[in-house]
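Visitor: Here is my input; please provide its structure:
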Amino acid sequence: MKTIKTQKLAQATDPCVATRIRADEAWKAAQETEKAWVAAAKGRTPEAWRLAIDGIGDMTVRIHAACVVWWDFFGSRPASSAWTHLDEYKSAWKADLRADPKLVRKALMQIGYPERLAERRVKIEEEGEAR
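Guide: Numbers count the residues shown, from 1 in each chain. Prediction:
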């Protein structure tokens, strides 16, 4: 018995359509993998996050990466059970503190972020680009 994917591919005589079907399946798999990563990352202890972040060499990049992690995993916690492990870095962030987005992306990947998510987390929208 053929799977639905195999049946769709067999019916797609147009190579462009067949390729799109394969791309759609790959995209779905990537989304599922990213969901699994988020679940695993939520299970990481604040001490483990701090240890990983402390391993980033450049302090400016470290501050930016720590702020991304804080926003993604620490910031939504209620004040009564706040994780303060990254507060030092969060307090060090200033609006005029600049870090090369490529280095921040690399640092996020170093501490465990998947490449696609790290890329999205360092993307800066210019004024007028916001959707």
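
Visitor: continuing past the lowest-mean-pLDDT helix or strand in the chain, what's the next helix or strand?
Guide: None of the helices or strands of the chain scores lower by mean pLDDT, DSSP states H and E than helix 4-11, at a mean of 59. Heading C-terminal from helix 4-11, the first helix or strand you meet, by DSSP states H and E, is helix 15-42.

Visitor: Let me know the helix or strand that the residue most central in space within the chain is in.
Guide: Using C-alpha atoms, centre = their mean, the residue of the chain that lies closest to the mean C-alpha position is residue 117, 2.8 Å off. Secondary structure here is read from DSSP H and E; on that basis residue 117 sits in helix 115-122.

Visitor: next one: residue 68
Guide: When secondary structure is defined using DSSP H and E, the element that contains residue 68 is helix 59-69.

Visitor: buried residues in that helix?
Guide: Residues of helix 59-69 classed as buried by neighbour count (16 or more other C-beta atoms under 10 Å): 60-69. The way it works is simple: take the backbone N, C-alpha and C, and place the C-beta from them, glycine included.

Visitor: Closest one of those to residue 24?
Guide: Proximity of the buried residues of helix 59-69 to residue 24 (C-beta to C-beta) peaks at residue 68, which lies at 29.2 Å.

Visitor: Now do the contacts for the nearest residue to that closest one once chain neighbours are set aside.
Guide: In this structure, residue 68 finds its nearest non-sequential neighbour in residue 121, 5.1 Å apart by C-beta to C-beta, 6 or more residues apart in numbering. By C-beta atoms under 8 Å, 6 or more residues apart in numbering, the contact set of residue 121 is 68, 72, 105, 108, 113.
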